[in-house]
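> predicted model, plus sequence, below.
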Amino acid sequence: MMKRTRLIAALDTQSLDQARDWAETLDGHVDAIKLGMEFTYAQGLKALRDVAGQRTLFLDLKLHDIPNTVAKGLASLAPVGASLLTIHASGGAAMIAAARQAIDAAYPPLHRPILLAVTVLTSLDENALHEIGVNATPREQVVRLGRLAMTSGADGLVCSAEEIAPLRDALGSAPVLVVPGIRPAGSEANDQKRIMTPRQAAQAGADWIVVGRPITQAADPAEAAKAIQIELASA
Ligand SMILES: O=c1ccn([C@@H]2O[C@H](COP(=O)(O)O)[C@@H](O)[C@H]2O)c(=O)[nH]1
């Protein structure tokens, strides 16, 4: 039987009141909330715990530094109690391995977060990759970085829905695949370049999808989340 694709709402705001309000409004309509650098830099770690409460928290800080710094950074995040955490796969094998070790050492075994490596940001297309000196298609680069990340100790990957099938072909069912760049039909792409609908991502085999503005900027965020859940359930 196919696993259900779960919905993470990205609560991208600097405001504590706004994040709390969205989290409460979306209770029962989403499976997890995402807080990232915008909220964390503005409000700090204690506010992450306040907003998350008993909810499943995807803490998307995308750590990318030398191995020692990433390891210490992840250890410092342990009190937040996030269920999913991100680092950049392009930080390299030693950095990813150091992140793995830090999580195994600093987090209690029953509360270890899923360590996700971001492959190629969903805001990048092939031209943008060429501009930063990567002469590969997003698909080739995602599979290359995905393989590196999984052999270095990551539990899963952040990718666009376009790369789910090639990643499954290359790496099988083991990686947890978390997929942003999701746009319900008819909604604006904004700064995202590699996008698919919730249904397409679910059909391709996403474990989780991450949806921000199509929910938070909707006239009725709870209705927008409900519509996405209906789309996921019927995929
Ligand atoms: O490659 C990536 C990695 C992370 N994100 C995050 O997902 C959400 C998407 O928000 P939308 O408003 O639905 O575009 C956002 O928090 C990003 O930081 C991503 O988009 N792409």
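Yes, it's here.
> now do the strand ranked longest in the chain: distance to the chain's middle.
For the chain, the strand that runs over the most residues, judged by DSSP state E, is strand 57-63. Its chain's C-alpha centre and that of strand 57-63 lie 7 Å apart, by Cα atoms, centre = their mean, to the nearest Å.
> what do you get for stretch 149-156?
Offset of stretch 149-156 from its chain centre (Cα atoms, centre = their mean): 15 Å.
> after the longest strand of the chain comes which helix or strand?
helix 67-76 (DSSP states H and E).
> and the next helix or strand past that next one?
Later in the chain than helix 67-76, the nearest helix or strand by DSSP H and E is strand 84-88.
> list the neighbouring strands of that next one plus their orientation.
Strand 84-88 has the following sheet partners, assigned by DSSP bridges: strand 57-63 (parallel), strand 114-118 (parallel).
> let me know which of the ones you listed is tucked in deepest.
strand 114-118 (a mean of 24; mean count of other Cβ atoms under 10 Å). Where C-beta positions appear, they are placed from N, C-alpha and C, glycine not excepted.
> average pLDDT for that one, rounded please.
Average pLDDT, strand 114-118: 99.
> sketch out the helices for the protein, chain order is fine.
16-26, 37-43, 45-52, 67-76, 93-106, 126-131, 138-152, 164-171, 198-204, 213-216, 221-233 (DSSP state H).
> who's in contact with the residue in the chain that the ligand sits nearest to?
In the chain, no residue comes nearer to the ligand than Gly212, which is 2.6 Å away by Cβ to the nearest ligand atom. Taking Cβ atoms under 8 Å, 6 or more residues apart in numbering, we find Gly212 in contact with Ala9, Ala10, Leu11, Asp12, Lys34, Pro180.
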